[in-house]
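Asks: Coordinates for the following, if possible.
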Amino acid sequence: MHFAFPGNPIAVFTLSYIAMVPVANLLGFAGQEYARKMPKVSGILIETAFGSIVEIILFVILIAKHTASDGSSEHGNLIPVIQAAILGSILTNLLLCLGLCFFVGGLRQARQKFHASISEVGSGLLLVAGFGLLIPSAYYSALKASAVQKATEHHEFTEKILQHNVLKISQVTSILLMIAFGIFIFYNASSQHSIFDEVLEADEHADFDHHEDVAKPKFTFTECIIAIILSLAIVTMLAVFLVVRIEDVVEAGIPDQFLGLIMLPLVEKAAEHLTAVDEAWDGQINFALFHCIGPSIQTALFNAPLVVVVGWALGKDMDLNFEIFMIVLLVLSIVVVGNFLRDGESNYLEGSLLVIVYIIVAVASWYYPNPDVATSNGGLDG
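Replies: Take a look at the predicted model:
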């Protein structure tokens, strides 16, 4: 479609968007089969990483295609879409995916209990990530009223200096968040290895369909590698087609915020979402939590900082100065999810409430006007 009908950008975007789902699912399945050949915790981390590769590819292509060189929202400025997609990915995992897991699992079991070690570590890391992502926006919001257009004898703090400071804070914060993610990986893989292994091992044996899963044909190691390579190549190609047509879709009436907060995250993590919901239905709620909270942590602590660092390397001023609207959504979502995780149990009521909150966010993002880039990303030379 991309090459045969270049004059129909909406159709190209739609078909590329739809095609991304089965390809991402193949990548997730191949990663899952590869992970099964590893120890439980290491396998889950590898599987989560493969589930996030689509997101990383999309973010990197978006920042590479970003061409805006001023503070306007004109042609080529993709940073508002990237910023919305970063927070949208976290919100989709925390509200929609986790909500569906609680709801679907609650339909089969009145209450599902999960281990405190998984929920506590996940909640703590999400709070740290939310704090890190909030700081650049809070700094900008606190000082923007005192910044002036041009420096004077009595007032030297200009908007350009403010934007430059926000960019530097974002870059340093990104490096520190990536270090935090590295510590999280080390913690899971070594110091608490036995605890998480025991929890996930017990979950695996609690699987209602355990015998059917064992009997299913599995990929060999070679088949896993081939499937991963092929799906990565196709996903990259489809991501390029999507990014090239984003401006046409926005011009057709799809708001930037809705595109970033809702549409892109749904296709980025399709494989993770399907896997998590299936695990919740099978009674493996700890596995499901790993697949909901794990990708959220990776997006906040690694994927988002990575795109800032890549933009830094490419000379494009990508920062973490999000719209206040999006920051409020993120903080409230972390608080709500943390409250539901606190008691160590889930049911379909909690799941339905999380999904309803996500739908409210989707409706609000549809009616939210395209962001004023001067308040969202600094808009320096990029």
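Asks: where do the strands sit along the stretch 51-200 of the chain?
Replies: Under the criterion DSSP state E, counting those that start in this stretch, the stretch 51-200 of the chain contains strands at 112-113.
Asks: Going by residue numbers, what spans are helices in it?
Replies: 79-91, 98-108, 116-143, 159-186, 193-205 (DSSP state H, counting those that start in this stretch).
Asks: what ranges of the chain fall below the confidence cut-off?
Replies: Applying pLDDT under 70 to the chain flags the ranges 1-7, 39-45, 47-48, 51, 68-76, 153-154, 189, 191-217, 370-382.
Asks: if you set the cut-off to 50 instead, what comes out?
Replies: Applying pLDDT under 50 to the chain flags residues 71-74, 372-382.
Asks: So which residue is dead centre in it?
Replies: residue 89 (3.0 Å; CA atoms, centre = their mean).
Asks: number of nearby residues for the closest residue to residue 184 other than its chain neighbours?
Replies: Closest residue to residue 184 apart from its sequence neighbours, by CB to CB, 6 or more residues apart in numbering: residue 125 at 6.1 Å. From N, CA and C alone the C-beta is placed, and that goes for glycine too. Close neighbours of residue 125, defined as other CB atoms under 10 Å, add up to 22.
Asks: Please identify the buried residues of stretch 323-332?
Replies: 323, 325-327, 329-330 (16 or more other CB atoms under 10 Å).
Asks: swap that for stretch 129-137, please
Replies: 129-130, 132-137.
Asks: With stretch 253-265 instead?
Replies: Across stretch 253-265, burial judged by 16+ other CB under 10 Å covers 254-265.
Asks: In CSV: the residues you listed, plus distance to residue 291 and secondary structure.
Replies: Formatted as CSV, the buried residues of stretch 253-265 follow (distance: CB to CB, whole Å; DSSP: H, G, I helix; E, B strand; the rest coil):
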residue, distance to residue 291, secondary structure
254, 28, coil
255, 29, coil
256, 28, helix
257, 26, helix
258, 25, helix
259, 25, helix
260, 22, helix
261, 21, helix
262, 20, helix
263, 21, helix
264, 19, helix
265, 15, helix
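Asks: how far away is residue 179 from residue 222?
Replies: 35 Å (CB to CB, to the nearest Å).
Asks: Those two: which is more packed in?
Replies: The residue with more neighbours, out of residue 179 and residue 222, is residue 179; 12 against 8, by other CB under 10 Å.
Asks: Out of the buried residues of stretch 129-137, which is nearest to residue 243?
Replies: Closest approach to residue 243 among these (CB to CB): residue 133, at 22.8 Å.
Asks: residue contacts, that closest one?
Replies: Taking CB atoms under 8 Å, 6 or more residues apart in numbering as the criterion, residue 133 is in contact with 87, 300, 304, 320, 322, 327, 330.
Asks: Repeat that for residue 52.
Replies: Taking CB under 8 Å, 6+ apart as the definition, contacts of residue 52 comprise 269, 272, 295, 298-299, 303.
Asks: Show residues contacting stretch 118-127.
Replies: Contacting residues not belonging to stretch 118-127 are listed as 94, 180, 184, 187, 196, 199, 286, 289-290, 293-294, 296-297, 300-301, 334, 337-338, 341-342, 344 [CB under 8 Å, 6+ apart].
Asks: ok, of those, which come out buried?
Replies: Buried, going by 16+ other CB under 10 Å: 94, 180, 184, 196, 199, 286, 289-290, 293-294, 296-297, 300-301, 334, 337-338, 341, out of the contacts of stretch 118-127.
Asks: Return the subset of the residues you listed lying in strands.
Replies: Taking DSSP state E, every one of these sits outside strands.
Asks: Now intersect these with the helices, please.
Replies: Secondary structure assignment by DSSP state H places 180, 184, 196, 199, 286, 289-290, 293-294, 296-297, 334, 337-338, 341 of these in helices.
Asks: from those residues, which single one is nearest residue 104?
Replies: For these, the nearest to residue 104 is residue 289 (13.4 Å; CB to CB).
Asks: my read: that closest one touches residue 116, true?
Replies: No - with contacts counted by CB atoms under 8 Å, residue 289 stays clear of residue 116, the gap being 11.1 Å.
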